[in-house]
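>>> pasting a predicted model and its sequence here:
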Amino acid sequence: MVRYKIDGITIRSENAAKPCNQKSQRVDSYLCTLSAETLLDFGCGKLRYSDTLVKISPRVTFLDSLVQINREQLIRGERTTVANYIRQNYPNCHAVSYEDVKQHALKYDLITCTNVLSAIPCEKILRDVISHIFRLLKSNGMAVFVNQHRSSYFKRYESGSRRLFGHIHKGARGYSYYGIVGQNEIEELLKNTGFRVLRSWRAGESTFTEATHA
């Protein structure tokens with residue numbers, strides 16, 4: 001979501017976002033079963049699932065950090081920014097920065113948060129993200145959280161320093177963080193914020209959790 005400074009190091013979380021050609025077919029198939037008049041993609045990254053989201057809702061808000069939505073990068077084969085790509089390709093959709101989320105007041109029928117919480121190494125930001133999702137969800141709306149409860153490449157991170165649900169790892173592109181947010185962990189986080197878990201299940205390496213206001 002944002003850049004983090006922890007113990008004198010900088011973690012550029014925007015580098016953890018995966019492109020559309022690396023989307024999970026299992027996650028994509030699940031999203032295709034949903035529909036909503038208004039949808040917020042909290043932590044949209046490189047618009048990994050955007051083509052699916054605009055099919056299931058006519059009005060989608062894509063939210064991420066200012067750095068992520070405004071930096072020039074490769075989006076679906078085009079050198080552009082996330083904000084520009086949305087503006088040029090998705091009518092009635094727009095981008096909002098996480099830095100401005102406190103001023104954002106629109107309520108949503110559906111909020112998706114896909115592989116976002118596992119990239120947050122700061123407990124305060126983690127709880128703030130879940131609280132903002134709770135605040136922006138309509139009273140009868142549904143929030144969907146997808147997290148990996150295991151990963152085939154998590155082993156390489158375990159050599160780094162332990163942090164929250166995972167480890168900080170130094171690689172060729174600098175420091176990064178990867179956490180494993182399991183089914184019990186996500187359910188506890190949601191219930192502590194005021195959510196009621198509708199259902200939660202595992203499929204492959206992912207945990208899917210649907211929640212609404214308690």
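Done, it's in.

>>> the longest helix in the chain is where?
helix 123-136 (DSSP state H).

>>> if you count neighbours, what's buried in it?
For helix 123-136, a neighbour-count test (16 or more other Cβ atoms under 10 Å) marks 125-126, 128-130, 132-134, 136 as buried. C-betas here are computed from N, CA, C, even on glycine.

>>> export the residues you listed to JSON lines and tack on pLDDT and distance to Cys93?
Formatted as JSON lines, the buried residues of helix 123-136 follow (pLDDT from 0 to 100; distance: Cβ to Cβ, whole Å):
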{"residue": "Ile125", "pLDDT": "91", "distance to Cys93": "25"}
{"residue": "Leu126", "pLDDT": "93", "distance to Cys93": "26"}
{"residue": "Asp128", "pLDDT": "96", "distance to Cys93": "24"}
{"residue": "Val129", "pLDDT": "96", "distance to Cys93": "21"}
{"residue": "Ile130", "pLDDT": "97", "distance to Cys93": "24"}
{"residue": "His132", "pLDDT": "98", "distance to Cys93": "19"}
{"residue": "Ile133", "pLDDT": "98", "distance to Cys93": "18"}
{"residue": "Phe134", "pLDDT": "98", "distance to Cys93": "23"}
{"residue": "Leu136", "pLDDT": "98", "distance to Cys93": "16"}
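
>>> just to revisit the earlier point, give me the distance between the longest helix of the chain and the centre of its chain.
Chain-centre distance of helix 123-136: 12 Å, with Cα atoms, centre = their mean, to the nearest Å.

>>> now do stretch 97-114
For stretch 97-114, the distance to the chain centre is 11 Å (Cα atoms, centre = their mean).

>>> what residues of it count as buried?
97-98, 101, 108-114.

>>> swap in stretch 21-31?
Per 16+ other Cβ under 10 Å, stretch 21-31 contains these buried residues: 23-24, 27, 30-31.

>>> give me the mean pLDDT for it.
Stretch 21-31 shows a mean pLDDT of 91.

>>> next: stretch 65-79.
Stretch 65-79 comes out at a mean pLDDT of 93.

>>> end to end, how far does it reach?
19 Å (Cα to Cα, to the nearest Å).

>>> what of stretch 116-129?
Stretch 116-129: ends 9 Å apart by Cα to Cα.

>>> figure out how far that stretch is from the centre of its chain.
Per Cα atoms, centre = their mean, the displacement of stretch 116-129 from the mean C-alpha position of its chain is 10 Å.

>>> do stretch 195-206 as well
Its chain's C-alpha centre and that of stretch 195-206 lie 15 Å apart, by Cα atoms, centre = their mean.

>>> most widely separated two among the buried residues of stretch 21-31?
Greatest spacing in the buried residues of stretch 21-31, by Cβ to Cβ: Lys23 and Tyr30 (11.4 Å).

>>> re the thing from before, same list (the buried residues of stretch 97-114) but as TSV, adding secondary structure, distance to Gln68 and pLDDT.
Shown next, in TSV, are these (DSSP: H, G, I helix; E, B strand; the rest coil; distance: Cβ to Cβ, whole Å; pLDDT from 0 to 100):
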residue	secondary structure	distance to Gln68	pLDDT
Ser97	strand	8	97
Tyr98	helix	8	95
Val101	helix	13	96
Tyr108	strand	20	98
Asp109	strand	24	98
Leu110	strand	21	98
Ile111	strand	18	98
Thr112	strand	16	98
Cys113	strand	15	98
Thr114	strand	14	95
